[in-house]
Structures are given as structure tokens and as C-alpha cells.
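Participant: return atomic coordinates for the entry below.
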Amino acid sequence: MADSALVLFIDEFHCIEESQLSALIMVLHRCVQARLPVTVVGAGLPQLRGRVGNAKPYAERLFDFAEIGALSEGEAAHAIVQPAEAEGAAYEAEAVRLIVAKTGGYPYFLQAWASHAWDVVAAGPITVADVNKVLAHPQLLRCH
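Facilitator: Take a look at the predicted model:
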């Protein structure tokens, strides 16, 4: 298989158990040493960098950590409203403002809050009350 490579794509990288993270890092390190065309592309919360370093001290040299910052208020509101509208759902403007404020515009939390608010709505537009139900149950925003 000349001119081939293996790329593992991992979402929610920060949720990987430490023993599994350690094993993955060790295998990747051996692949680098053997000059094998294997790499990992992962997405996770900012604490991932620290978790990787704690799992294996040499691990931070294996990865490039690109940080994706918070969205502007307008971008964050669009990220909430547009997908909902595409599915025939709607948010009250105040509910959108509350999600943007509570998440600081951070993409992962925008997605999680908006999704869980959508899950609790009975009918009609998603309201501040629906968003507050998510606020009352922070465990909804943890790793599964």
C-alpha cells in the first residue's frame, strides 16, 4: 500500500479515559519512531492539552494544539438559530441571548446548550424557560 496513510479522527477527545489516552499516545509515539504514516486528528475542550501531558510526559511533542476561540455574539446566535430554522424549529430572541451569554460563545457549549434546550421543549419556540431547564441540570453538558 504505497502512498497510503492512516488518520484517526476523534471527536470529544477530552472524554477519553486516561488509560485509553495513555495507550493511544504510546502507540502513536511508536508509529512516529518507526516513521509510519499514522496520525490522529482530534477535537476536544481546552483541558485536553493538560490531560495529554499528564497521560504521558512526552506527549505534548507529538501533537499540535490549535485553539478555536469563542464566536462573536452574532456568529454564536447564528450558530444556534440557523440549524434550528433548517429543521423547522425556532428560538425566542431572549433564549438565544441567554445561551450566548452562558456559553461565552464557545462552540462546544453552544452546541450542547442549544441541543439540550431543543430536547426539553414541548412545543413552539424554544424559550428562556427551556434554556433554564438545561441550566438546572448541568450534568446534561458532561461527557457521556
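Participant: list the buried residues of stretch 78-87.
Facilitator: Neighbour-count burial for stretch 78-87 flags 79-81, 84 (criterion: 16 or more other CB atoms under 10 Å). Every C-beta, even on glycine, is put in place using the N, C-alpha and C of the backbone.
Participant: buried stuff in the helix or strand encompassing Ala114?
Facilitator: Assessed by DSSP states H and E, Ala114 sits inside helix 107-120. For helix 107-120, burial by neighbour count (16+ other CB under 10 Å) applies to 107-110, 112-114, 116-118, 120.
Participant: quick one, helices of the chain?
Facilitator: 18-33, 48-55, 73-86, 93-103, 107-120, 128-135 (DSSP state H).
Participant: out of the ones you listed, which is closest to Val41?
Facilitator: helix 18-33 (11.6 Å; CB to CB).
Participant: how does the chain divide up, domain by domain?
Facilitator: Split into domains by automatic domain parsing, the chain comes to 6-62, 73-139.
Participant: export those domains to TSV and tack on mean pLDDT?
Facilitator: Compiled in TSV, those are given as follows (pLDDT from 0 to 100):
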stretch	mean pLDDT
domain 6-62	89
domain 73-139	87
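Participant: pick the most buried one from those.
Facilitator: Among these, domain 73-139 has the highest mean neighbour count (mean count of other CB atoms under 10 Å), at a mean of 16.
Participant: excluding its backbone neighbours, what's nearest the residue nearest in space to the middle of the chain?
Facilitator: With distances taken as CA atoms, centre = their mean, the chain has Tyr108 as the residue nearest its mean C-alpha position (4.1 Å). With CB to CB, 6 or more residues apart in numbering as the criterion, Tyr108 has its nearest non-adjacent residue at 6.3 Å, and that residue is Leu45.
Participant: fine by me, thanks again.
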